[in-house]
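Student: Based on what follows, work out the 3D shape:
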Amino acid sequence: MEYMFILLIAVAIWGIVIFNLLVRDKNRVLAAWSDIDVQLKRRHDLIPKLVDAVKQYASYESSTITAVTELRKQSEAINTAGRKGEIEKELTTRLHNLIAIAEDYPELKASQSFLDLQRNLTEVEEFIQFARRYYNGAVRNLNVRIQSFPDMFVARMFGFQMAEFFEFEQTGK
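Tutor: Residues are numbered from 1 along each chain as shown. Modelled structure (predicted):
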C-alpha cells in the first residue's frame with residue numbers, strides 16, 4: 001500500500017514536470033512567432049515606400065508592382081506559419097525583381113531614399129532569418145517533446161498540438 005502511494009506521487013510529479021516543459025516549449029514557439037510577426041510588419045511597412053519610389057521612375061513595371069502589393073496584402077491576412085512562409089517566399093522573389101528594376105534607372109539607383117529603403121529592407125530580411133531560425137528551433141523542440149515517449153501521453157491528455165515550421169528560404173538577391 002505504501003509503495004503504491006509512492007508510485008502514485010512519483011507519476012503525478014512526472015506528469016507535472018512534463019506538463020510544465022510542454023507549456024514552456026509552447027510559449028517559446030508563441031514568443032518566437034511574435035518576433036517573426038514584428039519583423040514581417042516592419043518589412044510590410046517598407047514595401048509601399050519602395051513601390052512608390054519605383055513607380056516614380058518605372059511606371060511601366062506595373063505587373064511587378066501590383067504583384068508585390070497583392071502578396072503583401074495576402075501575407076497580412078494569413079496567420080499560419082506554413083502558408084505565410086510560402087507567400088513571403090514569393091514576396092521576397094518579387095521584391096528582388098522590383099529592386100532589380102532599379103538597375104535600369106540610374107536616377108533611382110542613385111536616389112538616397114531608395115538606397116536607404118534598400119538597406120532597411122536588407123536589414124529587416126536578415127532579422128527575419130534570425131527570427132525564423134529561432135522559431136523553427138522552438139517548433140522542433142516542442143514537436144519532438146509531443147512525439148516522444150513518454151511525454152506524448154501528457155501532451156495528448158492536455159491537447160498540445162504540433163506547431164508548423166516557418167519555411168522562408170530566400171532566393172538569390
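Student: mind listing what's buried in stretch 14-29?
Tutor: Within stretch 14-29, the residues that qualify as buried by neighbour count (16 or more other CB atoms under 10 Å) are Ile18, Phe19, Leu21, Leu22, Asp25, Lys26, Arg28, Val29. (C-beta placed from N, C-alpha, C; glycine too.)
Student: So which of those is the closest to Ser111?
Tutor: Looking at the buried residues of stretch 14-29 and their distance to Ser111, the nearest is Val29, at 40.7 Å (CB to CB).
Student: What helix or strand is that closest one located in?
Tutor: helix 2-57 (DSSP states H and E).
Student: what does Phe168 give?
Tutor: According to DSSP H and E, Phe168 maps onto no helix or strand at all.
Student: Which residues does the helix-or-strand element of the chain with minimal mean pLDDT contact?
Tutor: Every helix and strand of the chain was ranked by mean pLDDT, DSSP states H and E. The lowest is helix 106-110, at a mean of 77. Residues lying outside helix 106-110 but in contact with it, judged by CB atoms under 8 Å, 6 or more residues apart in numbering, are Ala53, Val54, Gln56, Tyr57, Ala58, Ala102, Glu103, Phe114, Leu115.
Student: what sits against the third one?
Tutor: Contact partners of Gln56, counting by CB under 8 Å, 6+ apart, are Leu108.
Student: circling back to that earlier point, in the least confident helix or strand of the chain, what counts as buried?
Tutor: Neighbour-count burial for helix 106-110 [16+ other CB under 10 Å]: Leu108.
Student: Can I get it in PDB? Just the C-alpha atoms.
Tutor: What follows is the C-alpha trace of helix 106-110 in PDB, where atoms were taken according to Å, rounded to 0.1, in the frame of the first residue of the first chain:
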ATOM      1  CA  PRO A 106      20.400  55.300 -62.800                       C
ATOM      2  CA  GLU A 107      18.500  58.200 -61.200                       C
ATOM      3  CA  LEU A 108      16.500  55.800 -59.000                       C
ATOM      4  CA  LYS A 109      19.600  53.700 -58.200                       C
ATOM      5  CA  ALA A 110      21.400  56.900 -57.100                       C
END
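Student: For the helix holding Val29, give the mean pLDDT please.
Tutor: Rounded to a whole number, the mean pLDDT of helix 2-57 is 92.
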